[in-house]
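S.K.: sequence below, structure please.
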Amino acid sequence: MTESIEEKKVPASPADEWLQVESLDLDAQGVSHKSDGMVVFIEGALPFEEVQFNVHRRKNNWEQGTVTQIRRESSQRVRPGCPHFGLHTGACGGCKMQHLDAAAQVAVKQRALEDNLWHLGKVKPENLLRPLEGPAWHYRYRARLSVRHVVKKGTVLIGFHERKSRYLADMQVCPVLPKQVSAMLMPLRALIGSMDARDTCPQIELACGDAPDSTALGTIALVLRHLEPLSGADIGRLKAFAAENEGVQWWLQAKGPDTVKLLEEGGTPLAYRLPAFGVTMPFKPTDFTQVNPHINRALVGKALRLLDVQPEERVIDWFCGLGNFTLPLASQAREVLGIEGSDTLVARATDNFQRNQPATPERRALSATRFVARNLFDMTPEMLVADGSADKWLVDPPREGAFALAKAMADLHQQPELRTGGWTPPKRIVYVSCNPSTLARDAGLLVHQAGYRCTFAGVVNMFPHTAHVESIAVFELE
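M.R.: Numbering: from 1, shown residues only. You can find the predicted model right below:
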């Protein structure tokens, strides 16, 4: 495997010493120390390997570079599943861990979660959950693909950027995208290359839905960003492409997200299914939905099992979005309140709730559920009390986390006089996170200032082969 490694021609480390790689950081770089104690971050190196590297950046107390030689190779090093992955010139930067065994990737992410919880939040979970895993390939149902007409090469490129570059990788396949979409990359390049607007279409956003009667791939929505109005001929080319490729549905975006519109009416609407709860979730291609539908189905089930909602309980779903957790919760609880920052999303979630009411007497009706809009990044104890007591909470924030919510909980714990109207804190909180550092920060508040114990935590491998860490944690009231 050593001979296959290519690197940019940059000055070698002055000492030219062999380094022992100790661990992997959140950017999938090997972490080592030189003989003088300087920390070194090495792209392409894996834990327990002995390597040499080229230096790209040097600061007073650290260096960063790329592996050039491997004297002792990790037993967990594997052959990447994508021809565009690697350290060579032009390599795709969409994935960072394809050279590491899939199970080892999950172990690295678990370690990252534990390290963040301890070092940032001084929190150690009482129990570690078994990682949630799913397919390692063809899992990515959402992607933002850049488009570039490269005149010098006489071609159109579509895909992700090169590793650490503003240039697009020359992607011909992408094994993390659904098979049908990966096979469509070259035809898409030919399509854009044939259009009058090939120089003014910078992006295609991909969103895939489930088939109406299964969780197999259904509608493939392609949102074409165009900076100038499309000609009639280009519109015809897009329609012809959709007719030739089953399931493809074109959407056009002239300016901001609010300008997105369907090119042709008809066809199967975008939706994903949560069959364990009898829920179907319609969505638009620009809505936030999870990238990995296989893991999302497992995650919703796991979160509800951990929350252990009883029929007589009231539950609040914070950062509820379209109702991904809210509607399954409504199949179990007495009452559910979904809270989201966007009025538009609240309206969409309410519509999804109505659509999922039973069509037949045999199916149980969803419980009393309502959605409200709140600025969740400006939460105060008074606002928290105004939304009423709940037996349990589900919290699923964006990368910024739920600091204001956790801080309001801490204030209410430390100042009981703020708990007006008989308000009581939830006895259990399940927190779904897409950023271990903000989870750790919020966990520190909940555990050290709000009276909770962290009883469980574990990783959710939502993005195989990338350094992205999704996780779930459970907090119990003391």
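S.K.: list the contacts for residue 332?
M.R.: Applying CB atoms under 8 Å, 6 or more residues apart in numbering to residue 332 gives the contacts 304, 309, 310, 311, 367. To be clear about C-beta, it is placed using only N, CA and C from the backbone, and glycine gets the same treatment.
S.K.: apologies, that question was intended for residue 349.
M.R.: Per CB under 8 Å, 6+ apart, neighbours of residue 349: 320, 321, 322, 323, 326, 338, 340, 371.
S.K.: which helix or which strand is home to residue 272?
M.R.: strand 271-274 (DSSP states H and E).
S.K.: for the helix or strand that comes right after that strand, which outside residues touch it?
M.R.: Beyond strand 271-274 on the C-terminal side, the first helix or strand identified by DSSP H and E is strand 279-282. Taking contacts as CB under 8 Å, 6+ apart, the residues outside strand 279-282 that touch it are 269-274, 289, 322-324, 327-328, 331, 351-352, 355-356.
S.K.: for stretch 250-257, same thing?
M.R.: 205, 221-226, 229-230, 238-239, 241-242, 259-264, 285-286.
S.K.: buried ones among the residues you listed?
M.R.: 205, 221-226, 230, 238, 241-242, 260, 262-263, 285-286 (16 or more other CB atoms under 10 Å).
S.K.: tell me the one of these nearest residue 192?
M.R.: residue 224 (8.7 Å; CB to CB).
S.K.: for that closest one, give me its contacts.
M.R.: By CB under 8 Å, 6+ apart, residue 224 lies in contact with 201, 203, 204, 238, 250, 251, 252, 253.
S.K.: can you flag the buried ones in the contacts of strand 279-282?
M.R.: Neighbour-count burial (16+ other CB under 10 Å) applied to those gives 270-274, 289, 322-324, 327-328, 331, 352, 356.
S.K.: what about stretch 380-391, start to end distance?
M.R.: By CA to CA, to the nearest Å, the extent of stretch 380-391 from end to end equals 19 Å.
S.K.: the strand ranked longest in the chain: what's the following helix or strand?
M.R.: Across the chain, the longest stretch assigned as strand under DSSP state E is strand 62-72. Scanning forward in sequence from strand 62-72 by DSSP H and E, the next helix or strand is helix 102-121.
S.K.: pLDDT weak spots in the stretch 151-300 of the chain?
M.R.: Within the stretch 151-300 of the chain, not a single segment meets pLDDT under 70.
S.K.: where along it do the strands fall?
M.R.: Using DSSP state E, counting those that start in this stretch, the strands found in the stretch 151-300 of the chain span residues 155-159, 203-210, 217-225, 248-253, 261-262, 271-274, 279-282.
S.K.: how far does stretch 454-471 sit from its chain's centre?
M.R.: In terms of CA atoms, centre = their mean, to the nearest Å, the centre of stretch 454-471 is set 10 Å apart from its chain centre.
S.K.: just how off-centre is stretch 417-434 within its chain?
M.R.: Using CA atoms, centre = their mean, the offset of stretch 417-434 from its chain centre is 26 Å.
S.K.: buried set for it?
M.R.: 418, 419, 423, 425, 426, 428, 429, 430, 431, 432, 433, 434.
S.K.: check which helix or strand covers the closest residue to the fifth one other than its chain neighbours.
M.R.: The reference is to residue 426. Nearest non-adjacent residue to residue 426, counting by CB to CB, 6 or more residues apart in numbering: residue 393, 4.6 Å away. Secondary structure assigned from DSSP H and E places residue 393 in strand 392-395.
S.K.: now the element after that strand, going C-ward?
M.R.: helix 403-414.
S.K.: give me the mean pLDDT for that next one.
M.R.: For helix 403-414, mean pLDDT is 97.
S.K.: so what does the next helix or strand after it touch, helix or strand wise?
M.R.: Note on helix 403-414: by DSSP H and E, the next helix or strand toward the C-terminus is strand 428-433. Counting contacts by 3 or more CB pairs under 8 Å, 6 or more residues apart in numbering; DSSP states H and E, strand 428-433 is packed against helix 293-307, strand 392-395, helix 436-448, strand 470-477.
S.K.: distance between the second one and the chain's centre?
M.R.: Centroid separation for strand 392-395 versus its chain: 20 Å, with CA atoms, centre = their mean.
S.K.: which residues does that strand contact?
M.R.: Residues from elsewhere that reach strand 392-395 (CB under 8 Å, 6+ apart): 303, 307-309, 313, 315-319, 325, 329, 402, 405, 426-432.
S.K.: hmm, back to that, among the helices and strands packed on strand 428-433, which is the most enclosed?
M.R.: By mean neighbour count, with neighbours taken as mean count of other CB atoms under 10 Å, strand 392-395 ranks first of the helices and strands packed on strand 428-433 at a mean of 25.
S.K.: separation between residue 317 and residue 91?
M.R.: From residue 317 across to residue 91, the span is 41 Å (CB to CB, to the nearest Å).
S.K.: for these two, indicate the residue with more neighbours.
M.R.: Neighbour totals were compared for residue 317 and residue 91, and residue 317 leads with 29 against 20 (other CB atoms under 10 Å).
S.K.: is it true that the more buried one touches residue 327?
M.R.: No - in this structure, residue 317 is not within contact of residue 327 by CB atoms under 8 Å, at 9.4 Å.
S.K.: so what's the residue count around residue 143?
M.R.: 19.
S.K.: you'd agree it is up against residue 203?
M.R.: No - Residue 143 is beyond contact range of residue 203, at 10.6 Å (criterion: CB under 8 Å).
S.K.: which of the contacts of residue 224 lies closest to residue 65?
M.R.: Closest to residue 65, out of all of the contacts of residue 224 and judged by CB to CB, is residue 203, at 32.3 Å.
S.K.: show me what contacts that closest one?
M.R.: Contacts of residue 203 by CB under 8 Å, 6+ apart are 144, 145, 146, 147, 224, 225.
S.K.: beta partners for it?
M.R.: On the basis of DSSP bridges, residue 203 is bridged to residue 146, residue 225.
S.K.: any idea how far residue 251 is from it?
M.R.: Residue 203 is 12 Å from residue 251, by CB to CB.
S.K.: next one, pLDDT for residue 36 please.
M.R.: pLDDT, read off for residue 36, is 89.
S.K.: contacting residues around it?
M.R.: Taking CB under 8 Å, 6+ apart as the definition, residue 36 has no contacts.
S.K.: try residue 325
M.R.: Under the criterion of CB under 8 Å, 6+ apart, the neighbours of residue 325 are 300, 303, 304, 317, 394, 396, 432.
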